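In: need coordinates for the following:
(chains A and B)
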Protein chains: 2
Amino acid sequence: MIILVDAMGGDNAPDAIVNGCLDAVSEAEGFEVLLIGDEERIREILNKRSYDTSRVKIHHASEVITVEDTPTKAIKTKKDSSMVVGFKLLKEKKGDIFLSCGNSGALMAGALFILGRIKGVDRPAIAAIVPTKSGKGLIIDAGLNTVCKPVNYQQFGIMGSIYMKEMLGVDNPKVGLLNIGAEVGKGNETLKNAYSLLSESSINFVGNIEGNDVALGTVDVVVCDGFAGNVLLKFYEGAGSYFFSLIKGILLKNFKTKMAALLLKKDMKVIKMIMDADENGGAPILGVDGLVLKSHGSSNAKTIKNVVIKASKFAGTKVLEKIRQEFVNMEVEEIEQDL
Amino acid sequence: MIILVDAMGGDNAPDAIVNGCLDAVSEAEGFEVLLIGDEERIREILNKRSYDTSRVKIHHASEVITVEDTPTKAIKTKKDSSMVVGFKLLKEKKGDIFLSCGNSGALMAGALFILGRIKGVDRPAIAAIVPTKSGKGLIIDAGLNTVCKPVNYQQFGIMGSIYMKEMLGVDNPKVGLLNIGAEVGKGNETLKNAYSLLSESSINFVGNIEGNDVALGTVDVVVCDGFAGNVLLKFYEGAGSYFFSLIKGILLKNFKTKMAALLLKKDMKVIKMIMDADENGGAPILGVDGLVLKSHGSSNAKTIKNVVIKASKFAGTKVLEKIRQEFVNMEVEEIEQDL
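Out: Below you'll find the predicted structure:
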């Protein structure tokens, strides 16, 4: 298994990326890493560390797509950028999965233009894992499609379901449609139609859910448009940071509370880890014809280490085949109904 | 000052409503309460307690609008319901503010049909206060208009600004437009146009904000459509509950952590109070021609007590006049530009 890594994307590239990959290689087995980017700069970082050289290779790419670049234009013109080269290597099956912290828009454009959509998929979506009261939940779409048609919600539900089952081992994942009321018939026409389509699907659709259900973990898969998904994800980060500042304020308040802080130190770390975005980093773009993991631009070496290991796990699943199969089946059913 | 209270609306009516009003009367000065609803049932609850009878009166209403009722139909047909009677008393200036925990849809319909909009306001909105890292923030619209036009966002910003200044004493409140990126030009056409209109307003518009800014308190007023606002508010509740369950799990884990819990007991209560929805209860419907406070259906006596006191404070502000004035000025300016 070869993990293709865009070594040049993100605020801390290439240092954090390269070091994170080396940490992943020394922590986990069963994969190689192909670092894509400026060979000289990557080599410099590699030379400072000792690692299993048989598992870490470099593929030179002379250009970099930055956050300032216009996504579609960058993908079309920067042919030798680490991102475009990564997508091409994936398409040519020189690797099993492609991982990048680079320009999100360009990553989407590249996935769509170079890999293409899986037959039958109308719009790909980003799927993001969040911690919930009952474990882990998936938000899909987490930011790709700000406006959606009813069929998109249905497809997000199907793809999200497959991901939760294959990747996290959740049996018959519960799928909910994010709405402003739990009752049937809530929301605008688009959401009402999305509700109908989700109901007709073979997935375990449990109906409308509300905002509070997301963190409570009432369902395993939260289906929403990319605007709501992006707002929720970022809000969660902000709320987590706010909560911790409240707790921290208390724990450092006086001698008595500092004593308590000492007693709780180990356990507080566990909570911090649960809420840590770095631990839940790496969101797949589902619906494109290849495995792509997006990590946030500010990813540090620790994030990258986790995401590389996650990528190796993801590449070992049948998510892609199952999505392909599901959408082929849907098309066959539609043709049968038309005849 | 007379606070009109719908004694029959909400899951715990009339007991929680009546008792909450009595608690408010005994805790704070400067207002009377007019309880609207089934006189016999209200009298029964009142008789169990001693209170300042000069400050608590009853206005009989024979009907009740329930959560099962269709909003518009209920307002049109249940003429003697506590809600419709409450709105009418407010319109006839028999009271200064109307407070209800009843059917939200009906409350909106009643506000629109009986009170009407302030001249110049296209769509009224619900404004909800949430705790943030820097104090308190306002989310507007918190659930009334699921789909909005650019001008609605602009008006939400103006009304929210006035509310934060007059009600919470925030000088020159910072207003942000909830979007999926902080840069200018983010979001769909509606949001781009909303951005332009907000920029042209006389308020302190600071630009686009993202989900994390809400809990961090980057701005004082978060402008969004009612879908995002509702989802955010409810998500906040769910995240708060999840977070407390994590902390509680730690504090009750073993002897050592229980010791810490004892040391932190008093301070944890402060955090709980900050995050408590009951403490932040009571959201005004801004843009209608009268003061209306909506409290959630599950409000208990404590919520009601807080909301009644909040209502007395709200009725003492110039929010309504300032909104009227602002929108008249806007119209005058438009006419001047047309001439």
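In: and the gap between the closest residue in space to residue A:243 that isn't next to it in sequence and residue A:137?
Out: In space, and not counting its chain neighbours, residue A:243 is closest to residue B:243: 4.9 Å by Cβ to Cβ, 6 or more residues apart in numbering or on different chains. The C-beta positions use only the backbone N, C-alpha and C, and glycine is treated the same way. Note on residue B:243: its distance to residue A:137, by Cβ to Cβ, to the nearest Å, is 15 Å.
In: so how far is the helix ranked longest in chain A off the chain centroid?
Out: Looking only at chain A and at elements set by DSSP state H, the helix with the highest residue count is helix A:226-251. In this view, helix A:226-251 has its centroid 19 Å away from the chain centroid, taken as Cα atoms, centre = their mean, to the nearest Å.
In: show me what that helix is packed up against.
Out: Using 3 or more Cβ pairs under 8 Å, 6 or more residues apart in numbering or on different chains; DSSP states H and E as the contact criterion, the secondary-structure elements in contact with helix A:226-251 are strand A:125-132, strand A:135-140, helix A:211-216, helix A:255-275, helix B:211-216, helix B:226-251, helix B:255-275.
In: for residue B:296, which of the ones you listed is the nearest?
Out: Closest to residue B:296 of the helices and strands packed on helix A:226-251, according to Cβ to Cβ: helix B:226-251, at 9.7 Å.
In: could you give the angle of that closest one to strand B:135-140?
Out: Compare the direction of helix B:226-251 with that of strand B:135-140 by axes from the mean of the first three to the mean of the last three Cα atoms, to 10 degrees and you get 150 degrees.
In: can you give me the buried ones in helix B:226-251?
Out: With burial defined by 16 or more other Cβ atoms under 10 Å in any protein chain shown, the residues of helix B:226-251 counted as buried are B:226-240, B:242-243, B:246-247, B:250-251.
In: not counting its neighbours along the chain, what's nearest the residue nearest the centre of chain A?
Out: Among the residues of chain A, the one closest to the centroid is residue A:283, at 0.5 Å (Cα atoms, centre = their mean). On the basis of Cβ to Cβ, 6+ apart, the spatially nearest residue to residue A:283 that is not a chain neighbour turns out to be residue A:128, at 4.3 Å.
In: burial measure for that neighbour, as a count.
Out: Residues near residue A:128, counting by other Cβ atoms under 10 Å in any protein chain shown, number 26.
In: tell me who's in contact with residue A:22.
Out: For residue A:22, the contacting residues are A:46, A:49, A:51, A:56, by Cβ atoms under 8 Å, 6 or more residues apart in numbering or on different chains.
In: again but with residue A:309, I slipped
Out: A:24, A:27, A:28.
In: tilt between the helix or strand hosting residue A:328 and strand A:125-132?
Out: Taking DSSP states H and E as the definition, residue A:328 sits inside helix A:319-338. Counting by the same axes, to 10 degrees, helix A:319-338 lies at 120 degrees to strand A:125-132.
In: tell me which residues are up against helix A:319-338.
Out: Residues from elsewhere that reach helix A:319-338, judged by Cβ under 8 Å, 6+ apart: A:118-121, A:155, A:158-159, A:162-163, A:166-167, A:284, A:286-287, A:289-291.
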